[in-house]
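>>> All I have is the shape, not the residue letters:
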């Protein structure tokens, strides 16, 4: 690996950190704008996942006869992190194009734009958990001591999503077709993520698909805490940590390596 590129990636991270106030302000502004004039306000961050959870629960219990007890709670524990991740990527991917005027006006590092989207959605993510956590506590008070794992899990989810957001935003500049494909890519990704089934239900010959899916480990950890009321599987937690580091590394590396070409195109 080119030492110059690695050094540049490190310098880029330092530069982003120096613009942390601008990043925070951008994320907070987008968070507030998302609910301006809305009757339910921030409660929509919980309403949407619950509605999707109810729809999936109906299909898989009434039609396919899913055998997981309290299936709705199982889906809800996995759908919240997935919606944060997928919603962030959908909005962050075109951010360098839709908000390029901000870059030219204020001279911000280009990575601040997708990271601002990540921060805004992460605020939504935290609020959604604050709203639905009482439901899981009422169902099983045993989850309360397990909340000690949440800061680390939230941080890993944030880092992984940040790396993917930067990566996808750069790729979208170089290959404009990504903006048309992102919905299809995320739909496929959703179905191979164990949100509404356990990995144990997957036939052995297809298990490798889920082992290669980086978001599987995150969803399983959330389900362990909130649905199964047990400490996250150490193996899955380690996988989540490794995928987070790898995601951030790839995102920053590609961003630095394609810096000149991206700036030309925006």
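Here it is on my side, so go on. Predicted, not measured: the structure shown is a model, and the values here were computed from it.
>>> which residues of the stretch 1-150 of the chain fall in helices?
3-18, 20-33, 44-58, 71-92, 95-98, 100-106, 112-139, 150-174 (DSSP state H, counting those that start in this stretch).
>>> Please work out which of those is packed deepest.
helix 71-92 (a mean of 23; mean count of other CB atoms under 10 Å). Any C-beta I mention is one placed from the backbone N, CA and C, and that applies to glycine too.
>>> picking up where we left off before, out of the helices of the stretch 1-150 of the chain, which comes closest to residue 203?
Of all the helices of the stretch 1-150 of the chain, helix 71-92 sits nearest to residue 203, with 19.8 Å by CB to CB.
>>> now the closest one, how far from the centre of its chain.
Computed by CA atoms, centre = their mean, to the nearest Å, the chain-centroid distance of helix 71-92 equals 8 Å.
>>> what do you get for stretch 206-226?
13 Å.
>>> Can you give me the buried ones in it?
By 16 or more other CB atoms under 10 Å, the buried positions in stretch 206-226 come out as 210, 213-226.
>>> Just the ones of these in helices?
Judged by DSSP state H, the buried residues of stretch 206-226 include 210, 214-226 as members of helices.
>>> got the residues you listed as CSV, with distance to residue 24 and pLDDT columns?
Output for those, formatted as CSV (distance: CB to CB, whole Å; pLDDT from 0 to 100):
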residue, distance to residue 24, pLDDT
210, 35, 85
214, 27, 94
215, 26, 96
216, 31, 95
217, 28, 96
218, 24, 97
219, 28, 97
220, 31, 96
221, 27, 97
222, 25, 97
223, 31, 96
224, 31, 96
225, 28, 97
226, 28, 95
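>>> And these, which is closest to residue 241?
Nearest member of those to residue 241, counting by CB to CB, is residue 217, at 8.9 Å.
>>> From residue 71, how far out is the closest one?
21 Å (CB to CB, to the nearest Å).
>>> Next up, phi/psi of the nearest residue to residue 215 once chain neighbours are set aside, please.
Distances taken as CB to CB, 6 or more residues apart in numbering place residue 193 nearest to residue 215, at 5.3 Å, with adjacent residues excluded. Torsion angles at residue 193 (phi, psi; degrees, to the nearest 10) stand at phi -110, psi 130.
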